[in-house]
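Colleague: Sequence and predicted structure, then a few things I'm wondering about:
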Amino acid sequence: MTDNQQTNRITIRQLSKTYPGGVRALNQIDLEINGGMFGLIGPNGAGKTTLMRILAGLMRPSQGEARVMGHDLHDSSGRQAVKASLGYLPQDLGIYPNLTGREFLDYIAILKGITSSLERRRQCDSLLETVRLTEVADRKVKGYSGGMKRRLGIAQAMLDTPQLLIIDEPTSGLDPEERVRLRTVLSEMAKRCTVILSTHIIEDISQSCTDLALMYKGQILFRGSPSTLIGQARGKVWQITTSGESPNNGLSVVSMLQLENGVRYRVVGTPEPHHEAVLVEPSLEDGYIWMLQQARIAVH
């Protein structure tokens with residue numbers, strides 16, 4: 001392992017988090033992240049946001065160990081050290097509506113300890129250009145669209161060149177062109193720091209990450225490369241054309257296409273012979289759905 005990987009390494013051992021009332025969000029998680037772009041996927045309620053808040057030093061685990069860049073998150077000094085080198089975009093970022101985009105970024109830069117007004121200006125101008133908000137930088141944030149607010153949130157997370165960048169649902173509210181541009185920006189960032197990308201948009205992971213974890217009910221259901229997750233569904237993905245009725249009997253419908261004389265379904269599972277299903281190559285989304293399907297069957 002290189003010195004840079006050691007510096008960016010995140011180690012999690014038997015990590016659990018139980019909220020008041022007995023709700024267990026994380027259940028004895030073991031995970032290592034060694035830098036670059038790491039994808040975190042899973043359905044709502046899987047525990048992704050809880051895990052990211054712990055790694056950001058914003059929440060303490062109930063038990064277990066978490067070390068980020070050599071800092072122990074059980075210690076207040078360790079949490080402060082992580083926060084000092086962190087860029088974080090939560091799913092719901094509070095943005096002051098009466099500030100302009102430029103004023104908001106300048107304010108966050110001050111909070112991050114960038115004391116030089118010239119340096120703040122340089123960074124703000126550069127990041128506004130990166131997220132394509134230069135033309136509206138002096139407009140009040142309350143007049144921004146949802147996608148523009150999301151891009152401003154991404155810009156504030158990248159201030160002061162963080163060593164760790166934690167992004168929760170980065171492309172929410174962005175159009176397809178903006179999503180592609182953002183994936184490029186994050187890929188460039190991942191050359192210099194560790195980027196943890198949590199999203200329900202599987203395409204974002206397939207285009208950006210070489211390593212990922214799939215979470216389900218507070219546990220790691222899968223850990224590996226996108227190609228390995230795709231391989232989990234090989235032989236389980238089918239194309240079925242019907243006159244309109246949806247295939248059932250335990251099949252998960254991934255997509256459907258309306259045809260002139262019927263409907264073509266892409267399904268995951270084991271179809272019955274009468275469906276006359278055609279086997280097709282799996283995608284990352286198919287692998288994701290197959291793993292969740294098997295986990296839910298195991299629970300029941």
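Modeller: Perfect, thanks for sending it. Numbers count the residues shown, from 1 in each chain.
Colleague: ok, the residue nearest to Thr100 when sequence neighbours are not counted to Leu128 distance?
Modeller: Spatial nearest neighbour of Thr100, excluding adjacent residues (CB to CB, 6 or more residues apart in numbering): Asp138 at 5.0 Å. Backbone N, C-alpha and C define where each C-beta goes, glycine included. Relative to Leu128, Asp138 is positioned 10 Å away (criterion: CB to CB, to the nearest Å).
Colleague: who's more crowded, those two?
Modeller: Leu128 (20 against 10; other CB atoms under 10 Å).
Colleague: what packs against the helix or strand that one falls within?
Modeller: With elements delineated by DSSP states H and E, Leu128 resides in helix 117-130, which encompasses its position. Counting contacts by 3 or more CB pairs under 8 Å, 6 or more residues apart in numbering; DSSP states H and E, helix 117-130 is packed against helix 101-111, helix 146-157.
Colleague: Ala277 versus the spatially most central residue of the chain, what's the distance?
Modeller: By CA atoms, centre = their mean, the chain has its centre lying nearest to Ser198, at 1.2 Å. Counting by CB to CB, the gap from Ser198 to Ala277 is 34 Å.
Colleague: Please apply the same query to Ser283.
Modeller: Ser283 is 17 Å from Ala277, by CB to CB.
Colleague: Next: Ser243.
Modeller: In terms of CB to CB, Ser243 sits 15 Å off from Ala277.
Colleague: between the two, who's got more neighbours?
Modeller: Legend: neighbour count by other CB under 10 Å for Ser243 and Ala277, higher for Ala277 (20 against 8).
Colleague: contacting residues for the more buried one?
Modeller: Listed by CB atoms under 8 Å, 6 or more residues apart in numbering, the contact partners of Ala277 are Trp238, Gln239, Ile240, Val267, Pro271.
Colleague: Let me know the pLDDT of it.
Modeller: pLDDT for Ala277: 93.
Colleague: List phi and psi for it.
Modeller: phi -70, psi 150 (degrees, to the nearest 10).
Colleague: domains in the protein, as residue ranges please.
Modeller: Under the assignment automatic domain parsing, the domains of the chain span 1-85+163-225, 97-161, 231-299.
Colleague: Distance to Gln91 added to those, as CSV?
Modeller: As requested, the domains of the chain are exported to CSV (distance: least, CB to CB, whole Å):
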stretch, distance to Gln91
domain 1-85+163-225, 4
domain 97-161, 10
domain 231-299, 19
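Colleague: quick one, helices of this protein?
Modeller: 3-8, 48-55, 76-84, 101-111, 117-130, 146-157, 176-189, 202-208, 226-232, 284-299 (DSSP state H).
Colleague: Pick out the shakiest of the ones you listed, pLDDT-wise.
Modeller: Among the helices of the chain, helix 3-8 carries the lowest mean pLDDT, at a mean of 52.
Colleague: quick one: contacts for the residue lying closest to Pro90 once chain neighbours are set aside?
Modeller: Among residues not flanking Pro90 along the chain, Asp168 sits closest, at 5.4 Å (CB to CB, 6+ apart). Asp168 makes contact with Lys48, Thr49, Met52, Leu89, Pro90, Gln91, Ser198, according to CB under 8 Å, 6+ apart.
Colleague: repeat for Ala155
Modeller: Ala155 touches Leu105, Leu127, Leu128, Thr130, Val131, Leu133, counting by CB under 8 Å, 6+ apart.
Colleague: Most neighbours among those residues, please name it.
Modeller: Highest neighbour count within these, by other CB under 10 Å: Leu105, with 26 neighbours.
Colleague: what residues are up against it?
Modeller: By CB under 8 Å, 6+ apart, the residues touching Leu105 are Gln123, Cys124, Leu127, Leu128, Leu152, Ala155, Gln156, Leu159.
Colleague: Against Arg139, how distant is the fourth one?
Modeller: When distance is defined by CB to CB, Leu128 is 12 Å away from Arg139.
Colleague: Repeat that for Gly224.
Modeller: Gly224 sits 44 Å away from Arg139, going by CB to CB.
Colleague: Kindly report the same for Ser16.
Modeller: Counting by CB to CB, the gap from Ser16 to Arg139 is 45 Å.
Colleague: same question, Thr171
Modeller: Distance, Thr171 to Arg139, by CB to CB: 22 Å.
Colleague: mind checking how far the spatially closest residue to Gly101 that is not a sequence neighbour is from Thr130?
Modeller: Nearest non-adjacent residue to Gly101, counting by CB to CB, 6+ apart: Ala137, 4.8 Å away. Using CB to CB, Ala137 is found at 12 Å from Thr130.
Colleague: Report the beta-bridge partner residues of the closest residue to Asp211 other than its chain neighbours.
Modeller: Spatial nearest neighbour of Asp211, excluding adjacent residues (CB to CB, 6+ apart): Phe38 at 5.4 Å. Counting by DSSP bridges, Phe38 forms beta bridges with Ile196, Asp211.
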